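K.L.:
Test case, fold it:
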Amino acid sequence: MSTRIGLFGGTFDPIHKGHTHIARAFADELKLDSVIFLPAGDPYHKDGAQTPSEHRLAMTELAASADPRFAVSDCDIVRGGATYTFDTVQIFRQQFPTAELWWLLGMDSLLKLHTWKKWQTLVRQTNIAVANRNGGSLAQAPRELHGWLGEALQNGSLHLLQAPLLDISSSDIRGRLKNGFDAAEMLDGNVWHYIRKHKLYAA
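P.N.:
Model prediction:
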């Protein structure tokens with residue numbers, strides 16, 4: 001039986017309990033052997049990360065230590081410049097040629113998948129798991145995705161996570177800390193300690 005690996009990319013600025021909650025659901029529902037967190041270097045879909053990558057990587061490693069199935073890769077950081085999901089998946093496909101790969105994304109990203117680099121090749125290289133946030137649904141998918149969605153739902157290469165998301169966002173945490181409020185309950189204890197030690201997100 002092949003190894004089942006989940007890939008979870010994100011800015012993780014900072015990583016919080018919502019991220020680790022959905023990563024556990026990702027692992028549980030798909031019976032993954034591991035979930036690899038991939039902190040972004042220079043994500044081209046978003047404005048540049050506010051916090052240096054070495055801090056985001058360190059916080060992600062601290063949060064990932066809470067579950068033996070979790071691991072962290074710096075491959076999107078060390079490459080530098082704009083990084084694309086297609087290229088990241090190729091790296092892991094070469095590293096784990098016999099593994100069953102799953103890429104985790106949000107419903108908002110899924111609905112824009114047809115704008116991604118080489119998306120039609122990407123969905124043949126990896127399975128897709130979707131965490132539904134912001135109330136989106138497959139009914140909103142653009143026509144460019146219809147053919148693939150029908151096929152992927154039928155053959156099981158697309159999975160909609162059943163676990164509800166926690167109502168936590170990195171931007172809310174940054175805002176709270178900037179304004180002098182506490183955010184400890186939203187973060188892993190080691191991550192909270194790291195943020196305070198390095199005075200991250202303070203005004």
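K.L.:
For the strand or helix carrying V35, give me every contacting residue.
P.N.:
Here V35 is covered by strand 34-39, with elements defined by DSSP states H and E. Residues from elsewhere that reach strand 34-39 (C-beta atoms under 8 Å, 6 or more residues apart in numbering): 3, 5-12, 15, 19, 23, 26-27, 53, 56-57, 60, 63-64, 67, 69-77, 88, 92, 104. For the C-beta atoms, the positions are set from N, CA and C on the backbone; glycine is no exception.
K.L.:
Check stretch 62-70 too.
P.N.:
So stretch 62-70 is contacted by 15-16, 19-20, 23-24, 27, 32-37, 71-72, 188, 190-191, 194 (C-beta under 8 Å, 6+ apart).
K.L.:
Whichever of those residues end up buried, select them in PyMOL.
P.N.:
Listed next is the PyMOL selection for buried residues among those, using 16 or more other C-beta atoms under 10 Å:
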select buried, resi 15+16+19+20+23+24+27+32+34+35+36+37+72+188+191+194
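K.L.:
Double-check that L105 belongs to a helix.
P.N.:
No. Using DSSP: H, G, I helix; E, B strand; the rest coil, the assignment for L105 is strand, not a helix.
K.L.:
partner residues bridging it?
P.N.:
Note on L105: beta-bridge partners V130, judged by DSSP bridges.
K.L.:
what about it, how many residues close to it?
P.N.:
By other C-beta atoms under 10 Å, 20 other residues sit near L105.
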